[in-house]
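**Student:** One predicted model, sequence on top.
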Amino acid sequence: MDKAVIRALAVTVSNRAAAGTYEDTSGPVLAELLRSAGCAVVDGPLVVPDGEPVEAALRDALAAGYDVVVTTGGTGLTPGDLTPEMTRRVLDREIPGIAEALRAAGAAAGVPTAILSRGAAGVAGRTLIVNLPGSSGGVRDGMTVLSPVLGHAVAQINGGDHVRSALR
């Protein structure tokens with residue numbers, strides 16, 4: 001039986017990129033890494049300013065039936081970094097282990113400031129939503145953590161059973 005295609009959307013959260021004053025560099029990296037993880041990324045990366053437009057973009061992605069939405073940007077400490085708050089407005093359930101693993105992986109990769117990321121992760125309806133930092137390096141580190149669990153997470157969200165190893 002063929003494995004179901006995971007439909008994914010990359011969303012870049014950047015006031016400057018949305019205004020056209022800065023080129024989106026992390027979104028294209030994210031889209032390519034999602035493709036490398038076996039996802040179908042037909043649209044995007046979508047570029048939106050931080051704040052309310054993030055919530056609107058996430059709600060639109062839910063309505064469009066995406067299995068996975070990964071954001072890049074807006075997870076820091078500046079007053080304008082509101083992506084986690086906008087994400088939590090949409091989530092039904094958080095998955096704290098993903099966000100914790102993302103921060104830990106960044107720190108382990110030699111980026112001490114990775115622990116300052118406030119990114120959230122969780123489920124909204126039947127969609128997995130994950131916030132990654134706004135740098136290309138943060139996206140690469142984050143997708144190293146996320147890629148191996150994407151298929152299992154999507155299957156679980158859609159009611160799939162846990163895969164059991166014969167060795168356990």
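**Tutor:** Happy to help now that I have it.

**Student:** The residue nearest to the spatial centre of the chain is in what secondary structure piece?
**Tutor:** The chain has residue 70 as the residue nearest its centroid, 2.2 Å off, counting by C-alpha atoms, centre = their mean. Using DSSP states H and E, residue 70 maps to strand 68-72.

**Student:** Report all helices and strands that that strand contacts.
**Tutor:** Here strand 68-72 touches strand 6-13, helix 26-36, helix 52-63, strand 127-132, helix 136-157, going by 3 or more C-beta pairs under 8 Å, 6 or more residues apart in numbering; DSSP states H and E. Quick note: C-beta positions are derived from backbone N, CA and C, even for glycine.

**Student:** rerun at 6 Å
**Tutor:** Judged by 3 or more C-beta pairs under 6 Å, 6 or more residues apart in numbering; DSSP states H and E, strand 68-72 is in contact with strand 6-13, helix 26-36, strand 127-132.

**Student:** Taking helix 52-63 as reference, get the angle to whichever helix or strand comes after it.
**Tutor:** Using DSSP H and E, the helix or strand that follows strand 68-72 in sequence is helix 83-90. Following axes from the mean of the first three to the mean of the last three C-alpha atoms, to 10 degrees, one obtains 40 degrees for the angle between helix 83-90 and helix 52-63.

**Student:** Tabulate the helices and strands packed on strand 68-72 (TSV), appending distance to residue 43, mean pLDDT and mean neighbour count.
**Tutor:** Formatted as TSV, these follow (distance: least, C-beta to C-beta, whole Å; pLDDT from 0 to 100; neighbours: other C-beta atoms under 10 Å):
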stretch	distance to residue 43	mean pLDDT	mean neighbour count
strand 6-13	6	98	26
helix 26-36	9	98	21
strand 127-132	14	98	27
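
**Student:** Residue 79: which of those is closest?
**Tutor:** Distance to residue 79, taken as C-beta to C-beta, is lowest for strand 6-13 among the helices and strands packed on strand 68-72, at 14.5 Å.

**Student:** Report the inter-axis angle for that closest one versus strand 127-132.
**Tutor:** Using the same axes, to 10 degrees: strand 6-13 against strand 127-132 is 40 degrees.
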